[in-house]
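[1] The following block contains a protein sequence and its predicted model.
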Amino acid sequence: MSIDNGAGPAGERGSLIGRAFGEIAAGREGDAMTAAHALTRWSMRLLDVEGAGVMMADHHGVLRTMVVSSEAIRVLEAAELQAGSGPCVESHRRSLSFFLLDTEVPDTRWPGFGAQARVAGMRAAHAVPVLHDNEAIGVLNLFRSAPGAFSESDTVLAWELADAASAAVSTRRSAPAGADAGQVRAAVAGAALVERATGMLAVRLRIDPDTAGGVLRLAATQAGRSPSDLASAVISGEASIVLPLPVILFAPADEPE
Amino acid sequence: MEQPEEQRHVRRLVSSLRARGGVGALSAECLGEVPEVDGVVLSVLAAGAGEVMLSDSGPFADQVEDQHSRSGQGPHLDATATGDVVLADDLGAPAARSRWPLFAPEMSAAGVNSIFAFPVSIDGLPVGILSLHRGAAGPLSAAGQARARRYSEAAAVLLGDHATGGATGGVVLPVYAGELQQAVGIIMEMGGVDAATALHRMRAYARHSSRPMREVVAEVRTCRLPFDPTAAT
């Protein structure tokens, strides 16, 4: 069996490997996604594999798929993440490398994984942790359509490629951490909905938008809901606000004599 | 490596932007730093609220945004889907027309021939887009790309601040971005249309009447509409 994967003479392969490390490390100037893309692309090109994917943990330590080589691999990784069981998930959890050499042989470690992998057309898997300070921050997942062991040279190269990505990703992580992507998108959406509902109320209540914004926030407080919650209900027609807003008077607290 | 230096650049940019109005000032600042383009847009793909423009600069910004949302195609959408930078340096060229058959011809007919879309990503997941556009076709210089990338990274940091900072009242949009959304709400109510249609009608009116979008937004906010909000465009 050739270890060149059809990449030509050993010298040419050497220069390809050099390029691979360069491009993966270039993620230092881009972001984690750049490194993940390069890692997936070069794994497919340099290793004897038919499928590859990169998973990374988000700020909350939740593992997510970032890049995959094909739709079938995306489906396979999604199933594995949902089940919380499989070589990739386990590799992240234990910061170790895991092999599954034949998906047709029942494996008690991950009972459901073999069948899912076969649906994706894969017979063997190798999960390589992307380590930072000896702790997995992500996983490089490699799949082969034929059963059997991964060659030693491929195994070592896969580890080295994952290490290169780790350097690129961990430097980006040292940037000050704010909210995660989902929170940012939800926060901007909430703010936009509040302003739209404000505009609608300005028309309905015949008041200027600034006043309408105040009315919406006050009504939200009185209803015990967040402004964006109430805004969304106003826009969908599930809530209406009429003036004057009800005034609730609280009985004065007993004053001690 | 130039990594630590690049990080310093981004940090410096973030502090100077914070002092000058945060994401609301970002597009104008970026246009000032990359004068080879004609305009800049910063928008967020807001879950449940569509694409929300946070700041813009230059006369074509609204048309670029409008054409993306009308056609469902274009460099912005590709950049946010893939997380990669999309450099479309000639929208009139056959390659661009076959990649975005609805978007590219409309855009070049409107006088915009190059769009450079830089994803704004947090932990590698795109949340929005910093887009530079220009009337003339042609590539964005390496220096322009480096600066745009730096602004897109600064945008990600500022957006992270915003979302965590306002835990009580929620995030506050930049002033004009908020006014634009209020105007959208006014058209939604008066025209009985959804947000995307409302925004498109305002933009279409601004374009056909050759009036700046900011002027139209200000007029709509007085609830005296300069156009019929129920008429399809």
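    Structure received.

[2] Going by residue numbers, what spans are helices in the stretch 101-250 of chain A?
    With DSSP state H, counting those that start in this stretch applied, the stretch 101-250 of chain A shows helices at A:113-119, A:152-173, A:181-204, A:209-223, A:227-236, listed in chain order.

[3] Out of those helices, indicate the one that is most buried.
    When neighbours are counted by mean count of other Cβ atoms under 10 Å in any protein chain shown, the highest per-stretch mean among those falls to helix A:181-204, a mean of 25. All C-beta atoms are positioned from the backbone trio N, CA, C, and that covers glycine.

[4] now the angle between helix A:227-236 and that one, please.
    Using axes from the mean of the first three to the mean of the last three Cα atoms, to 10 degrees, one finds that helix A:181-204 and helix A:227-236 are set 50 degrees apart in direction.

[5] Secondary structure element for the closest residue to residue B:215 other than its chain neighbours, which one?
    In space, and not counting its chain neighbours, residue B:215 is closest to residue B:206: 7.9 Å by Cβ to Cβ, 6 or more residues apart in numbering or on different chains. Per DSSP states H and E, residue B:206 falls inside helix B:195-208.

[6] For that helix, list every residue counted as buried.
    Of the residues in helix B:195-208, B:195, B:197-207 count as buried by neighbour count, 16 or more other Cβ atoms under 10 Å in any protein chain shown.

[7] model confidence over that helix, on average?
    Per-region confidence: helix B:195-208 scores 95 on mean pLDDT.

[8] which helices and strands sit right next to it?
    For helix B:195-208, the contact count by 3 or more Cβ pairs under 8 Å, 6 or more residues apart in numbering or on different chains; DSSP states H and E identifies helix B:61-71, helix B:175-191, helix B:213-220 as packing neighbours.

[9] Columns mean pLDDT on top of these, output as TSV?
    As requested, the helices and strands packed on helix B:195-208 are arranged in TSV below (pLDDT from 0 to 100):
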stretch	mean pLDDT
helix B:61-71	94
helix B:175-191	96
helix B:213-220	96
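
[10] Now mean neighbour count too, for the ones you listed, in JSON lines please.
    Formatted as JSON lines, the helices and strands packed on helix B:195-208 follow (neighbours: other Cβ atoms under 10 Å in any protein chain shown):
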{"stretch": "helix B:61-71", "mean neighbour count": "22"}
{"stretch": "helix B:175-191", "mean neighbour count": "23"}
{"stretch": "helix B:213-220", "mean neighbour count": "18"}
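
[11] now the helices for chain B?
    Shown for chain B, the helices assigned by DSSP state H span residues B:3-19, B:23-33, B:61-71, B:75-82, B:94-99, B:103-109, B:142-165, B:175-191, B:195-208, B:213-220.

[12] okay, and for the chain, where does confidence drop off?
    No chain in the question, so chain A it is. Filtered on pLDDT under 70, chain A yields the residue ranges A:1-10, A:27-31, A:59-60, A:170-178, A:248-249, A:251-257.

[13] um, chain B though
    Counting by pLDDT under 70, chain B shows low-confidence ranges at B:1-3, B:162-171.

[14] which residue ends up closest to the midpoint of it in space?
    Within chain B, one residue has its C-alpha closest to the average C-alpha position: by Cα atoms, centre = their mean, that is residue B:41, at 3.0 Å.

[15] Contacts only, for that one.
    Contact analysis of residue B:41 by Cβ atoms under 8 Å, 6 or more residues apart in numbering or on different chains lists B:27, B:53, B:55-57, B:61, B:64-65, B:129-131, B:133.

[16] Throw these into CSV and include distance to residue A:229, thanks.
    As requested, the contacts of residue B:41 are arranged in CSV below (distance: Cβ to Cβ, whole Å):
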residue, distance to residue A:229
B:27, 30
B:53, 23
B:55, 26
B:56, 29
B:57, 33
B:61, 31
B:64, 32
B:65, 27
B:129, 27
B:130, 30
B:131, 31
B:133, 36
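
[17] TSV please, covering these and showing distance to chain A.
    Listed next are the contacts of residue B:41 as TSV, based on distance: Cβ to the nearest Cβ, whole Å:
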residue	distance to chain A
B:27	15
B:53	10
B:55	12
B:56	15
B:57	19
B:61	17
B:64	19
B:65	14
B:129	12
B:130	13
B:131	16
B:133	22
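
[18] Just the buried ones from those?
    Applying 16+ other Cβ under 10 Å to the contacts of residue B:41, the neighbour count classes B:27, B:53, B:55-57, B:61, B:64-65, B:129-131, B:133 as buried.

[19] returning to what we had before: tell me which of the buried residues of helix B:195-208 is nearest to chain A?
    Distances from those to chain A were compared by Cβ to the nearest Cβ; the smallest belongs to residue B:195, at 6.1 Å.

[20] Apart from its chain neighbours, what residue comes closest to the closest one?
    The nearest residue in space to residue B:195 (Cβ to Cβ, 6+ apart) is residue B:184, at 5.4 Å.

[21] is it true that that neighbour touches residue B:198?
    Yes: taking Cβ atoms under 8 Å as the contact criterion, residue B:184 and residue B:198 are neighbours in contact, 4.8 Å apart.

[22] May I have stretch B:117-131 exported as PDB, CA atoms only?
    Extracted C-alpha coordinates of stretch B:117-131, given in PDB (Å, rounded to 0.1, in the frame of the first residue of the first chain):
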ATOM      1  CA  ALA B 117     -18.100  40.300   2.500                       C
ATOM      2  CA  PHE B 118     -16.300  39.600   5.700                       C
ATOM      3  CA  PRO B 119     -18.100  37.300   8.200                       C
ATOM      4  CA  VAL B 120     -18.400  38.600  11.800                       C
ATOM      5  CA  SER B 121     -17.800  35.400  13.800                       C
ATOM      6  CA  ILE B 122     -17.900  34.600  17.400                       C
ATOM      7  CA  ASP B 123     -16.100  31.300  18.300                       C
ATOM      8  CA  GLY B 124     -16.000  30.600  14.600                       C
ATOM      9  CA  LEU B 125     -19.800  30.900  14.200                       C
ATOM     10  CA  PRO B 126     -20.900  33.700  11.900                       C
ATOM     11  CA  VAL B 127     -23.400  36.100  13.500                       C
ATOM     12  CA  GLY B 128     -23.300  38.800  10.900                       C
ATOM     13  CA  ILE B 129     -21.400  40.400   8.100                       C
ATOM     14  CA  LEU B 130     -19.200  43.400   7.500                       C
ATOM     15  CA  SER B 131     -19.500  44.200   3.800                       C
END
